[in-house]
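Predicted structure and sequence below. I'll ask about it afterward.
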Amino acid sequence: MAWVKNRVLAVLVLAGLAAALGLPFLTHAPNRLLSGSAISLAQLVKDTAAHPIDLWLVFVPALLLVAAVFMRPARRTQTAVYVAATLFLTGLAALAAQHATQLTGQSGPIARTSLGAAFWLLAAVSGLAATDAMQRLALRPIWRLLGAGFVIVPLGLMLGNGAFKDLSLLKEYANRQDVFNAAFWQHVQIVLSSLLPALLMGVPLGLASNRSLALRAPLFAVLNVIQTVPSIALFALLMAPLALLALLAASVPLLAQLGIKGIGLAPAVIALTLYALLPVVRSTAAGLSQVPQPVIEAAQGMGLTARQIFWRVELPLALPVFLSGLRVATVQTIGMAVVAALIGAGGFGAIVFQGLLSGALDLVLLGVLPVVAMAVAVDALLKALGLALERNVND
């Protein structure tokens with residue numbers, strides 16, 4: 001199909017069209033206890049015709065995205081795709097927010113209007129189209145990061161102005177704001193408490209495995225085995241020995257201060273630290289091993305000591321690879337910290353499992369979406385930093 005100039009965008013457009021035609025855009029229920037009725041995008045647009053809304057913010061960008069499929073992939077075209085995707089996402093959110101307000105006015109404040117599968121898929125299509133456009137533009141890392149952030153700036157402004165207050169997700173947040181804030185700091189505590197010891201142990205182990213080939217094979221064998229153990233199983237394996245240590249907490253004040261017990265933060269941190277070791281150790285060893293030997297020999301010829309060679313030559317050249325491993329470890333830890341709520345560690349996982357037990361999808365999303373946002377933000381920051389360091393090294 002020579003007339004299709006952008007196959008990636010064509011697939012995204014077809015996926016978005018299928019979602020818009022076949023899936024509910026919103027669901028509405030009189031209250032939280034009843035199942036909601038589906039509202040399609042076509043029905044929503046029809047109902048909105050009597051109440052004018054900026055529908056052009058949805059349909060004009062959508063038409064631009066369709067047209068870009070058949071246009072040559074020039075820089076102007078990719079810029080237009082990025083802008084159209086951003087406007088399309090903004091229009092979808094505005095359309096959903098205004099209709100939720102309309103339904104709340106008709107059904108009362110206890111009514112629940114939730115975002116449907118079509119909204120989430122169309123939002124994903126918008127984000128992927130904008131990301132693909134930025135990649136084709138070959139922007140510098142800092143501009144990619146800013147571009148990715150600008151996509152959600154309009155949504156942030158709308159959120160700050162209270163445009164989404166009648167959506168069920170925001171109603172769940174309003175009812176559990178204190179719980180949400182506490183869960184956020186608990187989640188951050190779990191992640192940081194796991195990554196810090198992983199770095200303190202993983203970096204020296206990576207250095208040692210790079211220096212000693214005899215150590216590398218058994219070390220990576222053990223770390224690989226740890227990665228294969230399911231998180232729930234590892235949490236369970238740690239509960240028994242920690243429970244024994246908890247019996248000593250009464251006579252050993254340090255153990256009591258550390259909160260050592262069979263459930264809670266301690267087994268979660270230990271397990272997540274063990275999971276984070278492999279990417280940290282592997283990236284440290286790989287980063288140091290890819291330093292060109294002629295560069296090291298040149299530094300030795302200049303009279304630098306082994307310590308100076310490490311800090312001035314090996315470390316700067318190994319940093320981009322190390323950051324890629326740190327990025328994997330951080331994103332992995334943020335996600336797996338959700339499962340740690342099953343053993344009483346808290347965090348956003350507590351909200352997720354509470355929503356699952358009560359059958360409240362919006363409560364599940366209240367715990368899932370912040371985790372996704374944290375992972376995406378950290379991944380983007382570390383990736384941009386790694387690309388910037390790699391470009392500086394190459395220059």
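The structure has been received and is ready for your questions. Residues are numbered from 1 along each chain as shown.

contacts and neighbour counts: CA atoms only from here.
Will do.

ok, residue 204 to residue 90 distance?
Residue 204 sits 47 Å away from residue 90 when distances are taken as Cα to Cα, to the nearest Å.

what about those two, which has more around it?
residue 90 (21 against 15; other Cα atoms under 10 Å).

That one touches residue 157, doesn't it?
No: with the criterion set as Cα atoms under 8 Å, residue 90 and residue 157 do not qualify as a contacting pair; they are 10.4 Å apart.

Run a quick neighbour tally on residue 119.
Counted with other Cα under 10 Å, residues neighbouring residue 119 total 24.

who's in contact with it?
If a contact means Cα atoms under 8 Å, 6 or more residues apart in numbering, then residue 119 has 20, 24, 25, 26, 92 as its contacts.

Under the pLDDT cut-off, which ranges of the stretch 1-150 of the chain? List them.
In the predicted model, the stretch 1-150 of the chain carries pLDDT under 70 at residues 1-2, 33-34, 47-54.

if you go through it in chain order, where are the strands?
Remark: strands assigned in the stretch 1-150 of the chain by DSSP state E, counting those that start in this stretch are 26-29, 37-39, 112-115.

Tell me which of these is the most buried.
For those, ranked by mean neighbour count under the definition mean count of other Cα atoms under 10 Å, the leader is strand 112-115 at a mean of 26.

Show residues contacting that strand.
The contact list for strand 112-115, computed with Cα under 8 Å, 6+ apart, reads 25-32, 36, 96, 100, 103-104, 166-169, 362.

So among the residues you listed, which ones count as buried?
Buried subset of the contacts of strand 112-115 (neighbour count, 16 or more other Cα atoms under 10 Å): 25-32, 36, 96, 100, 103-104, 166-169, 362.

Next step: those residues restricted to helices.
When DSSP state H defines the helices, the subset of the buried ones among the contacts of strand 112-115 inside them is 96, 100, 103, 104, 168, 169, 362.

List the contacts of residue 182.
residue 347.

distance of it from residue 349?
Between residue 182 and residue 349 the distance, using Cα to Cα, works out to 12 Å.

Same check on residue 45?
Computed with Cα to Cα, the distance linking residue 45 and residue 349 is 36 Å.

now swap in residue 293 and tell me
Residue 293 is 47 Å from residue 349, by Cα to Cα.

Looking at those two, which has the bigger crowd around it?
Ranked by neighbour count (other Cα under 10 Å), residue 293 and residue 349 place residue 349 first, with 25 against 10.

Which residue lies closest in space to that one, excluding its sequence neighbours?
Sequence neighbours aside, residue 338 is the residue nearest to residue 349 in space, at 3.9 Å (criterion: Cα to Cα, 6 or more residues apart in numbering).

Can you report how many residues lie near the one you found?
Counted with other Cα under 10 Å, the burial measure for residue 338 works out to 23 neighbours.

Tell me the buried residues in the host helix or strand of residue 182?
Here residue 182 is covered by helix 177-211, with elements defined by DSSP states H and E. Taking 16+ other Cα under 10 Å as the neighbour-count basis, helix 177-211 is seen to contain the buried residues 180, 183-184, 186-195, 197-199, 201-203, 205-210.

can you check stretch 157-168 too?
Neighbour-count burial for stretch 157-168 flags 158, 163, 164, 165, 166, 167, 168 (criterion: 16+ other Cα under 10 Å).

and the gap between the first one and residue 231?
Think residue 158. From residue 158 over to residue 231 (counting by Cα to Cα), the distance is 38 Å.

repeat for residue 80
If you measure residue 80 against residue 231 using Cα to Cα, the figure is 44 Å.

next one: residue 60
In this structure, residue 60 and residue 231 are separated by 46 Å, where distance is defined by Cα to Cα.

When these two are compared, which one has more neighbours?
residue 231 (19 against 15).

quick one, what contacts residue 38?
By Cα under 8 Å, 6+ apart, residue 38 lies in contact with 24, 25, 26, 27, 28, 116.

What is the nearest of the residues you listed to residue 71?
Proximity of the contacts of residue 38 to residue 71 (Cα to Cα) peaks at residue 25, which lies at 29.2 Å.

need the strands for the stretch 201-350 of the chain, in chain order.
Ranges of strands in the stretch 201-350 of the chain, per DSSP E, counting those that start in this stretch: none exist.
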